[in-house]
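Trainee: Structure, please.
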Amino acid sequence: MPDSQNKGQKPAEPAENDGFEHIRARILPLFLDRVPFDGWTSRTLADAAREAGTSRAAISAAFPQGVSDVLRYWSEQSDALIVEAMAAPEFGRLKIREKVAFAVSARLDVLRPHKEAARRAAATLALPIYAPLAAKLAWETADAIWRGLGDKSTDFNFYSKRGILTGVWTSTFARWLADDSEDEAPTKAFLDARIENVMQIEKAKAEIRKLNIDPKKPVEWLAKLRYPARSAANTKTGDSACEAKIDEALEDSFPASDPPYWTP
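Mentor: Here you go, the predicted structure:
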């Protein structure tokens with residue numbers, strides 16, 4: 001259970017280079033070792049601090065919002081490690097879907113030594129009082145992956161890319177928590193399927209652009225679907241062919257039996 005002293009408080013951002021980074025780095029592994037037995041609580045943090053020989057004042061300065069700050073710190077450190085892994089020379093030779101799979105898998109690799117702590121963290125972040133923090137951390141992980149991929153978009157694509165990848169990451173993370181197999185094959189298959197869903201969406205967007213329909217303008221898009229533009233040269237055959245292409249693109253993108261990253 002979360003520590004009650006954080007209830008209703010807005011988590012504070014730990015200051016960078018504030019002189020307490022060494023304390024955070026020393027406390028985190030001790031804290032994670034205790035979480036499977038004591039949970040994400042203020043008592044766990046106090047016990048970890050006592051084991052590390054750190055004063056209560058120093059802990060309050062390093063983690064002013066207690067458990068919320070520990071959750072954030074662990075997530076930030078994990079994101080930093082996958083970005084470092086993505087900087088390896090061989091990473092650049094992978095295809096885009098392989099890069100995404102590598103990054104998400106690397107994020108799970110970082111968490112694996114403390115899987116039970118990650119499971120308890122997910123349960124804690126699922127509580128209403130932690131909802132804003134949960135959303136923020138998931139978005140930051142997606143953002144870290146895209147930056148590691150070299151993404152420099154600043155338009156609508158900046159948000160759509162991160163929004164889609166957030167769904168891929170969170171759903172794969174949830175599947176991994178429930179996967180107790182030795183080789184984690186179910187999780188790998190799940191991740192591959194989610195990436196394939198995204199590729200279907202991108203293929204559909206490419207087909208729709210060929211029809212001069214901008215998917216970023218949904219009202220205009222729907223209007224063209226309902227009232228296709230006509231000209232003197234248009235024929236019923238031409239209109240039917242146009243509508244058929246749109247239907248085919250949409251069917252490929254959102255198959256009824258497998259909506260994007262919602263299936264088990």
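Trainee: Let me see the mean pLDDT of stretch 133-150.
Mentor: For stretch 133-150, the mean pLDDT works out to 95.
Trainee: Equivalent analysis for stretch 191-198, please.
Mentor: Confidence over stretch 191-198, taken as the mean pLDDT, stands at 89.
Trainee: cool, and stretch 83-97?
Mentor: Mean pLDDT, stretch 83-97: 91.
Trainee: end-to-end on that stretch?
Mentor: 16 Å (C-alpha to C-alpha, to the nearest Å).
Trainee: which residues of the stretch 1-150 of the chain fall in helices?
Mentor: 21-38, 42-52, 56-62, 67-86, 96-111, 115-125, 131-148 (DSSP state H, counting those that start in this stretch).
Trainee: Export those helices as a markdown table, with columns for distance to residue 157 and mean neighbour count.
Mentor: In this view, the C-beta of every residue, glycine as well, is placed from N, C-alpha and C. Compiled in a markdown table, the helices of the stretch 1-150 of the chain are given as follows (distance: least, C-beta to C-beta, whole Å; neighbours: other C-beta atoms under 10 Å):
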| stretch | distance to residue 157 | mean neighbour count |
| --- | --- | --- |
| helix 21-38 | 34 | 17 |
| helix 42-52 | 40 | 18 |
| helix 56-62 | 37 | 16 |
| helix 67-86 | 19 | 19 |
| helix 96-111 | 14 | 18 |
| helix 115-125 | 28 | 18 |
| helix 131-148 | 10 | 18 |
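Trainee: Reformat these as TSV; add distance to residue 184.
Mentor: Formatted as TSV, the helices of the stretch 1-150 of the chain follow (distance: least, C-beta to C-beta, whole Å):
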stretch	distance to residue 184
helix 21-38	19
helix 42-52	27
helix 56-62	34
helix 67-86	17
helix 96-111	8
helix 115-125	10
helix 131-148	19
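Trainee: closest one to residue 177 among those helices?
Mentor: Residue 177 lies closest, by C-beta to C-beta, to one member of the helices of the stretch 1-150 of the chain: helix 115-125, at 5.1 Å.
Trainee: Which elements pack onto that closest one?
Mentor: Where contact means 3 or more C-beta pairs under 8 Å, 6 or more residues apart in numbering; DSSP states H and E, helix 115-125 is packed against helix 21-38, helix 67-86, helix 131-148, helix 156-177.
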